[in-house]
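> okay, structure incoming, though there's no sequence with it:
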């Protein structure tokens, strides 16, 4: 596709893409942030992911760190 301002298109697309993977149990795995990020940035990313999961018709989610217990979330 040819566009007049490719930089703007790249920035727009990169903000609206959620990269994820699934396992055999149809669970979605995706990172929402890094330990070095501040709480506001993490909250923004988590809210964006939860809104995206609604499109997949998911009703619940578990937020968990790489190592540690998870927190169950109701996203209805």
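That came through, no problem. The structure presented is a predicted model; accordingly, all values stated were derived computationally and were not measured. Numbers count the residues shown, from 1 in each chain.
> okay, strands next: where are they in the chain?
21-22, 28-29, 60-63, 71-74 (DSSP state E).
> of those strands, which approaches residue 37 most closely?
Closest to residue 37 of the strands of the chain, according to CB to CB: strand 60-63, at 14.4 Å. Every residue, glycine included, has its C-beta placed from N, CA and C.
> and the contacts of that closest one?
Applying CB atoms under 8 Å, 6 or more residues apart in numbering, the external contacts of strand 60-63 come out as 32, 46, 50, 53, 70, 71, 72, 73, 74, 75, 76.
> what average pLDDT does that strand get?
Here strand 60-63 scores 79 as its mean pLDDT.
> what comes up buried for it?
Residues residue 61 are the ones in strand 60-63 that count as buried (16 or more other CB atoms under 10 Å).
> partner strands of it, with direction?
With DSSP bridges as the test, strand 60-63 is paired with strand 71-74 (antiparallel).
> tell me which residues are up against the partner strand.
Outside strand 71-74, the residues within contact range by CB under 8 Å, 6+ apart are 50, 59, 60, 61, 62, 63, 64.
> now this structure, which segments are flagged as low pLDDT?
Residues of the chain meeting the criterion pLDDT under 70: 1, 13-18, 76.
> in space, what's closest to the residue positioned nearest the centre of it - neighbours in sequence excluded?
Residue closest to the average C-alpha location in the chain (CA atoms, centre = their mean): residue 49, at 3.5 Å. Excluding the flanking residues, the one nearest residue 49 by CB to CB, 6 or more residues apart in numbering is residue 32, at 5.5 Å.
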